[in-house]
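**Student:** pasting the structure only:
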């Protein structure tokens, strides 16, 4: 397993732990103190789990399992996949922290930071799939499908 794949998967697990901790904190506050989660806390929880955990896990496994790029392919680049990792990871981490801090301040700087991190998340995902697109291709399955095999 390549180091970038391990980084995606281990980062996904870290975001799972963070998302679960935020969820436990929110449910304890609601049930024990009657304090319902703010939309910002809900957003932080959702982004930690869905973008941080689910998407990073999917991207790591895709990077690991998809066929290698064809010889002469210039579109796939491990550097681009790594850039996508950093955009997604930093964007998600800062967004989670920013959303958790948001109920305590209406700072314009913090609001812009949250927006920019959302753009970073989007850019990271788009960049990843841009570089991975040529790796989404049939290998042996195309031959088996032509022979009538269904799976």
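**Tutor:** Right, received. Where do you want to start? These numbers were taken from a predicted model, which means no experiment stands behind them.
**Student:** any weak-confidence spans in this structure?
**Tutor:** Counting by pLDDT under 70, the chain shows low-confidence ranges at 140-144, 150-151.
**Student:** tell me where this protein has helices.
**Tutor:** Under the criterion DSSP state H, the chain carries helices at the ranges 3-33, 39-46, 56-65, 78-101, 108-132, 140-146.
**Student:** can you list the ones you listed in JSON lines and add mean neighbour count?
**Tutor:** (Each C-beta comes from the backbone N, C-alpha and C, glycine too.) JSON lines is the format used below for these (neighbours: other C-beta atoms under 10 Å):
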{"stretch": "helix 3-33", "mean neighbour count": "15"}
{"stretch": "helix 39-46", "mean neighbour count": "18"}
{"stretch": "helix 56-65", "mean neighbour count": "18"}
{"stretch": "helix 78-101", "mean neighbour count": "19"}
{"stretch": "helix 108-132", "mean neighbour count": "16"}
{"stretch": "helix 140-146", "mean neighbour count": "10"}
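**Student:** quick one: contacts for the nearest residue to residue 84 once chain neighbours are set aside?
**Tutor:** If the residues on either side of it in the chain are set aside, residue 84 comes closest to residue 128, at 3.8 Å by C-beta to C-beta, 6 or more residues apart in numbering. Residue 128 makes contact with 59, 80, 81, 84, 85, 88 under the criterion C-beta atoms under 8 Å, 6 or more residues apart in numbering.
**Student:** which of those lies closest to residue 32?
**Tutor:** residue 88 (34.2 Å; C-beta to C-beta).
**Student:** so the closest one sits against residue 124, correct?
**Tutor:** Yes. The pair residue 88 / residue 124 is scored as a contact, 3.3 Å apart, by C-beta atoms under 8 Å.
**Student:** OK, contacts around residue 15?
**Tutor:** Per C-beta under 8 Å, 6+ apart, neighbours of residue 15: 48, 49, 51, 52, 53, 56, 92.
**Student:** please apply the same query to residue 36.
**Tutor:** Counted by C-beta under 8 Å, 6+ apart, residue 36 has contacts 29, 30.
**Student:** what do you get for residue 8?
**Tutor:** For residue 8, the contacting residues are 56, 57, 59, 60, 63, 85, by C-beta under 8 Å, 6+ apart.
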